[in-house]
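Chemist: here you go, sequence then predicted model.
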Amino acid sequence: MGDHGIAVLCRREGLSMESRLESDVAPLWELVHLLQENGSDIHCLRDPTRGGVAAALHDIAQASGVGIRIQEKIFGCGKK
């Protein structure tokens, strides 16, 4: 999501960077179609590149009439 956001910002504002940034956005229809063909019971798909993961989860929770709690687990920091 970060690559996409920075690529869009640079393009929109006419900014350039030393390294080449490209959006990693791709159509998902083929993947969704495969999931449906294989019996997946899909209830919702959201694009977190617009507003972030928190906004997407908030929208899902609000539409479903539930709450969502997220717990971050940190790996590789010497903590157990």
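Modeler: On my side now, so go ahead.
Chemist: find the centremost residue of the protein, please.
Modeler: Centroid-nearest residue in the chain, with Cα atoms, centre = their mean: Pro48, separated by 3.3 Å.
Chemist: what sits against Ile42?
Modeler: 32, 35-36 (Cβ atoms under 8 Å, 6 or more residues apart in numbering). For the C-beta atoms, the positions are set from N, CA and C on the backbone; glycine is no exception.
Chemist: turn those into CSV, columns for secondary structure.
Modeler: Compiled in CSV, the contacts of Ile42 are given as follows (DSSP: H, G, I helix; E, B strand; the rest coil):
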residue, secondary structure
Val32, helix
Leu35, helix
Gln36, helix
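Chemist: just the buried ones among those residues, please.
Modeler: Neighbour-count burial (16 or more other Cβ atoms under 10 Å) applied to the contacts of Ile42 gives no buried members.
Chemist: out of those residues, flag the one nearest to Val53.
Modeler: Set against Val53, the nearest of the contacts of Ile42 by Cβ to Cβ is Val32 (19.1 Å).
Chemist: isn't the closest one right next to Leu45, touching?
Modeler: Yes - between Val32 and Leu45 there is a contact under Cβ atoms under 8 Å: 6.7 Å.
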